[in-house]
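Peer 1: Provided below are the primary sequence and the corresponding predicted coordinates.
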Amino acid sequence: MSGHSKWATIKHKKAATDAKRGQAFTKLIKEITVAARGGGNPDSNPRLRVAIERGKEASMPADNIERAIKKGTGELEGVNYEDITLEGYGPGGIAIFVEAVSDNKNRTTSEIRTIFSKGGGNMAGAGSVAWIFEKKGYIVVSKKTIDEDKLMTIALDAGAEDMVVEDENYAITTSPQDFLKVKKAIEDKGIKTESAELDLIPKNTIKLVGDDAKKVINLVSAIEDHEDVQHVYANFDVPDELLKE
């Protein structure tokens, strides 16, 4: 899981930087809009609640969030977005699972297939790699923030499934249902999270070095940068110095 923790932290920081430049708002609006189709009340719609939290973390104005919700519920006219999941393999045989939101499934699929191909990977059929991942709440906290035993007590008492101690961070996993409760319990103690998301966690990882490691990072980053892509999950583990670059 160490590779996932490092990548999750870096993605979170990158997303915050992108949001400040306004580059992430479009993706967040799409996610909130689609999530709101399941109901406009975040108290009874966990996906919407998480999407709103992400919007707030990115300093998205409340008016933008409200409009996106109303477009999703049909109170306001909007673009007809749909969820897309795409699967494939990258250099070194790593599994890649992509979640996107688009108003044109064929266009998005074609463009992402091209990114896979240019990055040394290839798209695969539905179900090819999905089995490698499982949905979990995933919270990363820096070791500099709090003592291990204190954090473990807070997390487990709130319903966390596990906490792993890594080089620089603690990685906490929860069931999807308990994610927000555990996240709130941690934040209510004044503890800052490096990353907190509902993620697809790989059941196993593949260690990569050298050219394959660089190619995988470039490929996953290129897919993430596509305007329709919401999340990219992969089962790679690469050296810290490469991720920090």
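Peer 2: Perfect, thanks for sending it. For clarity, every value in this text was computed on a predicted model and none was experimentally measured.

Peer 1: counting neighbours, what do you get for Ile139?
Peer 2: 28 (other Cβ atoms under 10 Å). C-betas here are computed from N, CA, C, even on glycine.

Peer 1: swap that for Ile94, sorry
Peer 2: 27.

Peer 1: next, it: phi, psi?
Peer 2: phi -70, psi 150 (degrees, to the nearest 10).

Peer 1: do I have it right that it meets Tyr233?
Peer 2: No. The pair Ile94 / Tyr233 is not scored as a contact, 10.5 Å apart, by Cβ atoms under 8 Å.

Peer 1: what residues are shared contacts of those two?
Peer 2: Common contacts of Ile94 and Tyr233 (Cβ atoms under 8 Å, 6 or more residues apart in numbering): none found.

Peer 1: for the chain, give me the ranges with low pLDDT.
Peer 2: 1-23, 240-245 (pLDDT under 70).

Peer 1: would you map out the domains in it?
Peer 2: 2-73, 82-131+204-239, 133-202 (automatic domain parsing).

Peer 1: helices of this protein, start to end?
Peer 2: 2-20, 25-35, 46-57, 62-73, 105-118, 148-158, 179-188, 210-225, 240-244 (DSSP state H).

Peer 1: for stretch 190-200, buried residues please.
Peer 2: Ile191, Thr193, Glu194, Ser195, Ala196, Glu197, Leu198, Asp199, Leu200 (16 or more other Cβ atoms under 10 Å).

Peer 1: just those: which are in strands?
Peer 2: Under the assignment DSSP state E, these contribute Ser195, Ala196, Glu197, Leu198, Asp199, Leu200 to strands.

Peer 1: could those go into CSV alongside distance to Asp167?
Peer 2: What follows is these, written out as CSV (distance: Cβ to Cβ, whole Å):
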residue, distance to Asp167
Ser195, 15
Ala196, 19
Glu197, 20
Leu198, 24
Asp199, 19
Leu200, 23
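
Peer 1: nearest to Leu156 among these?
Peer 2: The nearest member of these to Leu156, counting by Cβ to Cβ, is Ala196 at 16.6 Å.

Peer 1: list the beta-bridge partners for the closest one.
Peer 2: Beta bridges link Ala196 to Ile139, judged by DSSP bridges.

Peer 1: same question for Ala124.
Peer 2: Glu87.

Peer 1: that one: neighbour count?
Peer 2: Ala124, neighbours per other Cβ under 10 Å, totals 15.

Peer 1: state the distance from it to Arg113.
Peer 2: 11 Å (Cβ to Cβ, to the nearest Å).

Peer 1: for His226, same thing?
Peer 2: Applying Cβ to Cβ to His226 and Arg113 gives a distance of 11 Å.

Peer 1: same question, Thr193
Peer 2: Thr193 is 35 Å from Arg113, by Cβ to Cβ.

Peer 1: what of Gly127?
Peer 2: Here Gly127 is placed at a distance of 17 Å from Arg113 (Cβ to Cβ).

Peer 1: who has more neighbours, those two?
Peer 2: Arg113 (15 against 9).

Peer 1: wait, what's in contact with that one?
Peer 2: Met123.

Peer 1: what residues sit buried inside stretch 116-135?
Peer 2: Phe116, Gly119, Gly120, Gly121, Met123, Val129, Ile132, Phe133.

Peer 1: grab the nearest non-local neighbour of the fourth one.
Peer 2: This points to Gly121. Closest residue to Gly121 apart from its sequence neighbours, by Cβ to Cβ, 6 or more residues apart in numbering: Gly90 at 4.1 Å.
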